[in-house]
Each structure stands twice: as C-alpha cells, then as structure tokens.
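# Build me a model from this:
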Amino acid sequence: MSEVVEQTKPRQPPLAETQRRLGARVAERDGLTEVTHYGDPASEYEAVRAGAGLFDLSARGRVEVAGGEAVMFLNGLVTNDVKALAQGEWMAAAFPNAQGRLLAQARVARRADSFLIDTEAPTRARVLQSLERFTLAGDFRVKDLSEETAELSVQGPRAAGIVGAVVGAEASGLARGRVFESGWRGASVTLLRATHTGEDGFDLVVDSEHAAELWEALTQAGARPAGGDALEVLRVEAGLPRYGADVSEANVVLEAGQDEAVSFTKGCYVGQEIIARIHWRGHVAKRLAGLLMEDDSREPAARDARVVSAEGREAGRVTSSVFSPRAGRAVALGLVRYDYLTPGTELRVESGGGERAARVVALPFVRGGWHADRAGGEA
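Numbers count the residues shown, from 1 in each chain. Have a look, this model is predicted:
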C-alpha cells in the first residue's frame, strides 16, 4: 500500500483576501508577485501626491536581531554606524561583501530591546544568511519575522493625519528617521516615519493576523489603496534605487548614490577598506544619476538602454524609466560614468535603432513633501 503524503498549501500573503475583494490586479516583477494596481494607477499616483496612498509592502524582508552583542556584530556587517543609533531611531545601511559590493539595502531600526532590519524582497534571504552566520559566535539572536508580520505603508501629505487618526496622536507626531512602538486593538505596531515615494510616509509593521483590520482602518481614515505601478513612478521620480533594477551585487556600495547609508568614520566592517579607498580617492567610476528625456514622447526609455555622450562615447546605461506626470515627460535612472555626472550634461539614449536626447539632472526629479524642509533634497 502506498503512503499518502499530505501536501501543505503555500501560506497566503496576509492581505491576499483583502486584495481579492478590492479587485487588485497582480503581476510578476523580478520573480515576485505584486499588486500592480486596484483599477486606476493614475489616480493611485495622484492620491499619494495630493492625499495619501496605502501600499502593501509585506513581501519585503523583516528580520529581528537581539542580544548583548547585537551592536558589535551588526556594526561589523553593515556600512552605517549602529553604535550611534539611539533607541527609537532608524538609519539607512547597506550590507556589502568583502569586495565592497552591494548585497542588500536596508533600514536598521533600534527598538526597546532589539533591532528590526527591513530590506527589499529580493534581498531578504541574503540578509538573513549574512546575519545567521554569527548566531553561534556570541550573544547574537536572529529571527525572521517576514512570514509572521505584515508591512503597510501610508505615503502622501495626509499620511500623518491618517496615521494619527488610527494609531494615535503620538504616532502622527513622530519625527522623520524615528521609530515608535504602539499598542493598537490588542496588537503591537512598530512605526517608522520613512518615505518610499519622496512624499511624507509611515511604515507600519504588525502581526499578520491584524493586517487586514489595520488596512481597513487606514482606508476608512482616508488612505487610498495603491499598487506597484504607482509606486514605481513615485520611486523613480524620487530618485530612489531598487535592488535588482538599478543596483545589484555588481555595484560597489557607493555607486547607488545613497551616501547617507555609509559611515566613513566608524572603523572596520566587511568591505570597509575598499569602500573607504574609493571615498577618499574622491569619486566612484560611475554612479546612479537622473536622466530627463528631452523629446515629447511619453514612452519610457528601455531598461539597459545604452547611454552615450554627444561625441558618441560610452557614458552609461538606463536602469529604470517611467513617464513622469509631474515632469510631463519620460525620466530615467541610470548608472552614468563620472565624467558625465554634472547636471546639465547632454547625453543620448539609444532607442529602437535610433537615439533620444537626454540631459543629466540632479535627483530627485520631483521634490515631494519629504524634501521640502530637508537640506540637499535627499529622499
């Protein structure tokens, strides 16, 4: 008699039923299934620019790190200075390899008794692997929270008011770069005031079983469900790199243009010698830059399209491109060689056997509310 083996059904994402009810359209991007829109991506985009959009970011990786030696081990693994991170703050950081190349982009949040590391979905496994190597080396405990939690993000000028109406006034008054832990209807919610769009924003991490209830409360308070199509336009307009599209392990950390994620004074960490040498040399060979298409076509530039100088010399390649409603034309992020990074530099992007005129511009393309009172315009 043959043995019958019970098949375990794949675990559904925490908001799968909610998204089905809302008529979400889904598609695969970079090997992952995501909600692309809820029927009208243009309106979802405008909701973020003028009000507030609500995104399901639960596919991202969330890893908890605790223990008496957590600061020491983390500081040896990431580019930013974890020792300088106070309780209730988060910082951008990168996980490099020994050659200074980018394994993952992350946000490191210091909670009351642990660290929460939030990273993009494609890099969840490698962040976990990087951390777990040290669990037997000392008082350093690692737990993957990605399956047991959900991550919702409210983005837009009305984000603070909506979060305050749902979670409380103390949460809405959270300063940028800060973390707040709150109780909500019997659930624990961790909030980070952070942007994915260039607009004001809050990420809310909650146990999976409370995700649908929190989503419903946020929509009732005025946040509009929004999907990946709108988020991609907003991300590119904000000049924020996405792993697997704009940057990868092929890039040295500094090529991502996220210098706020790197400390040049904290001392030794994996890949530090190479990253520091590049920094003190003065510049990287290439760097993520903004390219504004000069023609009237709404068609985005092709990913990986070759970028050349006015003299026909190799200048870089396109990594992401969208039609920008605010710029009124196609814009692109690209890895551009150092000699051509000066804003105003005229370049050409190869397209369909021809070329399109483009101009290097300072990022972000669109200065959302997040940039309004920040020097330098970083997102």
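# avg pLDDT for stretch 369-376?
Per-residue pLDDT values over stretch 369-376 give a mean of 61.
# Mind jotting down where the strands sit in the stretch 151-300 of the chain?
In chain order, the stretch 151-300 of the chain shows strands spanning 179-184, 187-193, 201-207, 224-225, 286-293, with DSSP state E, counting those that start in this stretch as the criterion.
# Equivalent analysis for the stretch 1-150 of the chain, please.
With strands called from DSSP E, counting those that start in this stretch, the stretch 1-150 of the chain shows them at 25-29, 32-37, 53-56, 61-66, 90-96, 102-110, 115-119, 141-144, 149-155.
# just to revisit the earlier point, adding distance to Val252, write the strands of the stretch 151-300 of the chain out as CSV.
C-beta here means a position set from N, CA and C on the backbone, and glycine is covered the same way. Formatted as CSV, the entries for the strands of the stretch 151-300 of the chain read as follows, by distance: least, C-beta to C-beta, whole Å:
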stretch, distance to Val252
strand 179-184, 29
strand 187-193, 27
strand 201-207, 28
strand 224-225, 38
strand 286-293, 9
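# Next, format the ones you listed as a markdown table and append mean pLDDT and mean neighbour count.
Converted to a markdown table, these look like this (pLDDT from 0 to 100; neighbours: other C-beta atoms under 10 Å):
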| stretch | mean pLDDT | mean neighbour count |
| --- | --- | --- |
| strand 179-184 | 95 | 18 |
| strand 187-193 | 96 | 20 |
| strand 201-207 | 98 | 24 |
| strand 224-225 | 98 | 22 |
| strand 286-293 | 98 | 23 |
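# which one of those strands lies closest to Val154?
Among the strands of the stretch 151-300 of the chain, strand 201-207 comes nearest to Val154, with 5.0 Å by C-beta to C-beta.
# hmm, back to that, need the strands of the stretch 1-150 of the chain in a markdown table with mean pLDDT and mean neighbour count, can you?
What follows is these, written out as a markdown table (pLDDT from 0 to 100; neighbours: other C-beta under 10 Å):
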| stretch | mean pLDDT | mean neighbour count |
| --- | --- | --- |
| strand 25-29 | 87 | 14 |
| strand 32-37 | 88 | 18 |
| strand 53-56 | 98 | 27 |
| strand 61-66 | 97 | 21 |
| strand 90-96 | 98 | 24 |
| strand 102-110 | 98 | 23 |
| strand 115-119 | 98 | 24 |
| strand 141-144 | 97 | 17 |
| strand 149-155 | 98 | 26 |
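# Provide the secondary structure category for Pro360.
Let me fix one detail, which is that residue 360 is Val and not Pro. strand (DSSP: H, G, I helix; E, B strand; the rest coil).
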